[in-house]
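In: Any chance you can model this:
(3 chains)
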Amino acid sequence: MTDNMSVAVSSPLVDRGHRPPAVPPGAPAVERHRRRSRIRATVEAYVLLAPSLAGLALFLVAPIVGVVVISFFDWNLMGAPHFVGLANYREMMGDSEVWRAMRNTTYYVVLNIPAQTVLALLLALAMNRKLRGGKAFRVLFVLPWMAMPVALGIVWSWAFDPQHGVVNQFLALFGVDGPAWLSSTTWAMPVLASVNIWQYTGYTMLFLLAGLQAIPESLYEAADMDGAGPVLRFFRITLPLLRPSMFFVLVTNTIGSFQMFDTVYVMTQGGPGGSTDTMNYHIYQQAFQLFRTGYASALAMLLFAVILLVTAVQVLYFRKRTVYDFS
Amino acid sequence: MSSLSTAVRRTTLYGILAAGALLSIAPYLLTLNGALKRPSDLLSTDAWAPAHPATSANFTAVWNQYGMSSFLLHTLAVAVLVTVGQMVFSALAAYALARMEFPGRDWIFWGYLATMMVPQMITLVPLFLMMRELNMVDTYAGLILPTFLGTPYGVFLVRQHFRTIPKDLEAAARIDGASTWSILVRIMLPLSRPVLATLAIITFVNTWNNLIWPLIITNSDRTRVVTVGISALQGEHVSDLPHIVLAGAALALLPLIAVFLLFQRHIVRSIALTGLK
Amino acid sequence: MSATSRRVLAATATSALLLCLTTACGSSGSETSSSGGTVTLRYAIWDAVQQPALQKSIDVFEQQHPKIKVKIELNAWAQYWSKLQTQMAGRTAPDVFWDHVAYFPQFAQQNVLTDLTPYIKADKLDTSIYDPKLLAGWQQDGKQYGLPKDWDTIAQVYNKTMLEKAGLTQSELGGLSWNTTDGGTFVKALQKLTVDANGKHPNEKGFDSKQVKQYGLALGSSNGQTDWWDAAAQNGCKLQDKAWGKWTIDQPSCVEAIQFVRDLRLKYHVAVPASVTNTPNGASLPQVMARKQAAVVWDGSWDLNAYQSSMKGNFGIAELPGGPVGKGTVYNGLSNALYAGGKHPKEAWELVKWLGSEESQKIIVSEGSVWPGIPTLNKDYVAVWKQRGVDVSGFSKEAEGTTIGYPLTTSSATYSVKVQDAFNQVWLGQQSPKAAADSVNEASNAAIK
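Out: This next block holds a predicted model:
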């Protein structure tokens, strides 16, 4: 899915046109034929699109409309819904737990994304050298990606156990007295972030590696002739040309991070002291534990708005520097 | 001197990579190792101490008495159906968007792009209501339908790949009188194996590991999938039967690993390939 | 993949979907099926410890009603209520389910429970066999929303060997008292029962609170029922100002009780640290006892069979200590409720009636599972446990003394969601009792409908 961004300068594939070939004005018969085939093509296209569009409309667009509507109501899904206007939004603005959840989510994203991206980049750079056994490493690094977070919950909880956990036993080797990770308001969130970093670094690396491999060798050779050192080469060639991959990786990982749920659900349930109560978990709790679906819908709108905003900022940032081809 | 430092650097690099690889698989190994331990050894030995003697009793118990066999079967059925559905319907839509001229195409394409950002949580309550009105709560249809017809992500992925396939091939077939359908099936799909494989594995993994939707939409043993089963097992037995929970976790994790290792050459290459352009 | 195999795949997918939509997948998994005149009822419970005894009773029911099958659906307490309410919202709730005082008012308000009065009248059911207090607990506006299943109180379950070693007896343990200044005789006894790796007790010099081998006490509760609510009852705290009224857990008498429970862990070091026992992922009380981490726990009578299976009669029951105001415990009971949206109300009523019958409760009692809802069977329960070498009369003596019940309110769901995390923080020493009580109290009162 990285190929949503192709660097205009380097891609030979840009503008493999959809424009109809410039045809000289033909005879009316040809014109009629063309119109008929155009209509046929349109029908055909919509037939092909129909199932997917139906899915999009029913299971994505309709629910979004639905959530907007529900956010103006007070409803436990059972009795009659009560229209409350903007009351849910007003309550949301003054609800300290919502802002705590928003802060927690942001903190999680901030802990998560830079560390994960840098690690993945370093890993990709290492793997980009033609190493023996590189393929095997690549396979091993991707394995965490497919781990079921709920299934690993028990192992993580044990690993971070204050007394018998592997993590603290390891730290003890260096004379460090590790904290009670999951019952500490300071450490619980970093633990969740590191679980996520463990899970997605290898997968992210794959995309960056693909980006690295797409950089033409000739550019490096030219730089070598100019006598550029490895650092300069990295910042002048590698990083700029990696931007499309970076863009993709950052946007999708950030959107994903804002939606963290499974690990919280199985490991901390928002605790201790609400320190891991993320937006997604909070919305789930409001909707399916307290059945305040109107309020939960308002919170979902807030989360959506934040994700849109952050994505927009990322797009703008990268747009200044990269040309991509969405068409 | 310089060759020595190269050797040192190489060794360091391998050391780091090996450590990373070990870290990557350690949680799996700890799960499997713990699942193979006798209940009495589980709490009295270190997590990394090898299961000795190893026992399969935990697996037998979780498979037979705690319903793991049926959870896995349900999950497999759901994941296969969703994967097949996504591949078929994404490919159809992707072809129309990549290759056909028709009014509204760009609008539709931007519609797909925009909905890629919609968080899953936002659709839960309305989807739940919809399923309730369709009498599909606690049914396989309810589990499968929301993703069966394809996701914007899948359509986008395949569409981008279709656009890299040279148009000449198609044009030649058109001249030979090939229909759209046969162009799609005979030309586009065979040339898109890597991207379809990627879509398949991503969909399969996501469906296999999906927790929140099954958690809400299903509630009986007949529709219980493995994520819900495992989280229930943990909620009930994490303190008194941790060996059973571990065995369940191992059974939930291992099938994906097996599939992955079986197809790893295709998968790693195809994920990498979709990144290339 | 060849073109042919792809076509086969596509055909398979399409036909699978069609098949799925028209047959199996279309029919609800939770729909109570009725094939060949046989009806299958779904019965939701949350306690795995009680399941074997319950299954015995159901086996008899199925023998007596060959056209009705019953399937028990077990969900742990932590997930039970969220699941049940989601099922109700999805109109697929189980036909019969365990109901709790905490959620009963909310359910009654939401019209998801069947009023049993017409059934009771039609079948001329004698409801005078039940403890009137229990029966009345399931009434609202003259309607009967469930038949009593059982009752329970909280007492001290102790390890016989450990108690003997410390030179204490059951009656001594049951006669202790605590206060907020020095902990009283209760803390003194627990100090005797707490030993560190060097054999030192918490009141001795050189005691290492980080290396405790055996604790005097273990406490654990997701809502307070088996820990601070009991201390609150012993300190004169009322959880609620009146039935259907406001929560009052921020009152000084309540906060003192919370402080005392906190001090057992963090000041006196006689109770297992919260990081071990805290919900949601901590060890359960029977588990702590099985691991010999503690000599005494405060637990409900419903867990007796769990202790029996791991300790094989090497445990006893003593009354809870008295507090500054006197003795006190939480008294509660469950009912079997009939879902209003079920497809087989008649059959479901047969099940509810059976589960409330003397015959069924005799089976439950003979398994030592829970105290019965029918008071004449109490003595049988005592006899069953006497045979196993355990004197369980502590529970019933407490029931006759000062008790508090679950608050009657529609905001229990909010309380449950808020209280667990807030109080875990108190037990870990990361939040003050007053602050936690205030925040939970405020949120719970705000959610009253």
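In: all contacts plus neighbour counts: C-alpha atoms, from now on.
Out: Fine.
In: Let me know whether C:V39 touches C:I68 as I believe.
Out: Yes: C:V39 lies in contact with C:I68 (CA atoms under 8 Å); the separation is 4.9 Å.
In: Can you pull the residues that touch both of these two?
Out: C:E347 (CA atoms under 8 Å, 6 or more residues apart in numbering or on different chains).
In: Dump stretch C:110-124 to PDB, keeping only the CA atoms.
Out: In PDB, the C-alpha atoms belonging to stretch C:110-124 read as follows (Å, rounded to 0.1, in the frame of the first residue of the first chain):
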ATOM      1  CA  GLN C 110     -35.400  -0.900  31.300                       C
ATOM      2  CA  ASN C 111     -38.300  -3.400  31.200                       C
ATOM      3  CA  VAL C 112     -36.000  -6.300  30.300                       C
ATOM      4  CA  LEU C 113     -37.200  -8.500  33.200                       C
ATOM      5  CA  THR C 114     -40.500 -10.500  33.200                       C
ATOM      6  CA  ASP C 115     -42.900  -9.900  36.000                       C
ATOM      7  CA  LEU C 116     -43.300 -13.400  37.500                       C
ATOM      8  CA  THR C 117     -46.500 -12.500  39.500                       C
ATOM      9  CA  PRO C 118     -49.000 -13.900  36.800                       C
ATOM     10  CA  TYR C 119     -47.000 -17.100  36.600                       C
ATOM     11  CA  ILE C 120     -46.800 -17.500  40.300                       C
ATOM     12  CA  LYS C 121     -50.600 -17.000  40.600                       C
ATOM     13  CA  ALA C 122     -51.300 -19.400  37.700                       C
ATOM     14  CA  ASP C 123     -49.100 -22.100  39.200                       C
ATOM     15  CA  LYS C 124     -50.300 -21.300  42.700                       C
END
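In: what comes up buried for that stretch?
Out: By 16 or more other CA atoms under 10 Å in any protein chain shown, the buried positions in stretch C:110-124 come out as C:112-117.
In: pLDDT and distance to A:M146 added to those, as a markdown table?
Out: Output for the buried residues of stretch C:110-124, formatted as a markdown table (pLDDT from 0 to 100; distance: CA to CA, whole Å):
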| residue | pLDDT | distance to A:M146 |
| --- | --- | --- |
| C:V112 | 94 | 41 |
| C:L113 | 95 | 43 |
| C:T114 | 96 | 46 |
| C:D115 | 96 | 49 |
| C:L116 | 96 | 50 |
| C:T117 | 95 | 54 |
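In: Identify the residues contacting B:Q234.
Out: A:154, B:245.
In: Quickly find the element holding it.
Out: Element membership for B:Q234 (DSSP states H and E) is helix B:226-237.
In: just A:V306 next, same as before
Out: Assigning secondary structure by DSSP H and E places A:V306 in helix A:293-321.
In: biggest helix in chain A by residues?
Out: Longest helix of chain A, by residue count under DSSP state H: helix A:96-128.
In: Show me which residues of it are buried.
Out: Buried, per 16+ other CA under 10 Å, within helix A:96-128: A:98, A:100-109, A:111-113, A:115-117, A:119-121, A:123-127.
In: swap in stretch A:217-226?
Out: The neighbour-count check on stretch A:217-226 (16+ other CA under 10 Å) flags A:220, A:223 as buried.
In: Could you give the average pLDDT over that stretch?
Out: Stretch A:217-226 shows a mean pLDDT of 84.
In: Identify all contacting residues around it.
Out: A:233, A:237.
In: repeat that for 7 Å
Out: Outside of stretch A:217-226, the residues within contact range by CA atoms under 7 Å, 6 or more residues apart in numbering or on different chains are A:R233.
In: what angle separates the longest helix of chain A from helix A:293-321?
Out: Counting by axes from the mean of the first three to the mean of the last three CA atoms, to 10 degrees, helix A:96-128 lies at 40 degrees to helix A:293-321.
In: and the stretch 51-200 of chain B, which residues reach chain A?
Out: Those residues of the stretch 51-200 of chain B that sit near chain A, judged by CA under 7 Å from any CA of the partner chain, are B:89-90, B:92-93, B:96, B:100-102, B:117-119, B:121-123, B:126-127, B:146, B:149-150, B:157, B:160, B:164.
In: Out of those residues, name the ones that lie in helices.
Out: The helices, defined by DSSP H, take in B:89-90, B:92-93, B:96, B:121-123, B:126-127, B:146, B:157, B:160 from those.
In: among these, which two are most distant?
Out: For those, the maximum inter-member distance is 30.7 Å, found between B:P126 and B:Q160 (CA to CA).
In: If you count surrounding residues, which of the two has more?
Out: B:Q160 (26 against 23; other CA atoms under 10 Å in any protein chain shown).
In: Check what pLDDT the more buried one gets.
Out: 86.
In: Just the pLDDT at B:S2, thanks.
Out: pLDDT, B:S2: 61.
In: residues in contact with A:M92?
Out: Residues in contact with A:M92, defined by CA under 7 Å, 6+ apart, are A:V98.
In: try 10 Å
Out: By CA atoms under 10 Å, 6 or more residues apart in numbering or on different chains, the contact list for A:M92 reads A:86, A:98-99, A:295-296, A:298-299, A:302.
In: List only buried entries from those residues.
Out: Burial by neighbour count, 16+ other CA under 10 Å: within the contacts of A:M92 this picks out A:98, A:295-296, A:298-299, A:302.
In: Pull the number of nearby residues for the residue in the stretch 101-250 of chain A that chain C sits nearest to.
Out: The stretch 101-250 of chain A approaches chain C most closely through A:S183 (6.5 Å), counting by CA to the nearest CA. When neighbours are defined as other CA under 10 Å, A:S183 has 25 of them.
In: In space, what's closest to it - neighbours in sequence excluded?
Out: Excluding its sequence neighbours, the residue lying closest to A:S183 (CA to CA, 6 or more residues apart in numbering or on different chains) is A:P272, at 5.7 Å.
In: I believe that neighbour is in a helix; please confirm or correct that.
Out: No: counting by DSSP: H, G, I helix; E, B strand; the rest coil, one finds A:P272 to be coil, located in no helix.
In: So it sits against C:G429, correct?
Out: No: the pair A:P272 / C:G429 is not scored as a contact, 11.5 Å apart, by CA atoms under 10 Å.
In: what's the helix or strand for C:F97?
Out: C:F97 belongs to strand C:96-100, assigned by DSSP H and E.
In: Give me the distance between the residue of chain A found nearest chain C and A:Y220.
Out: Going by CA to the nearest CA, chain C is nearest to A:Q289 of chain A, at 4.9 Å. Applying CA to CA, to the nearest Å, the value for A:Q289 to A:Y220 is 57 Å.
In: if I look at C:N441, how far off is A:P190?
Out: From C:N441 to A:P190 the distance is 30 Å (CA to CA).
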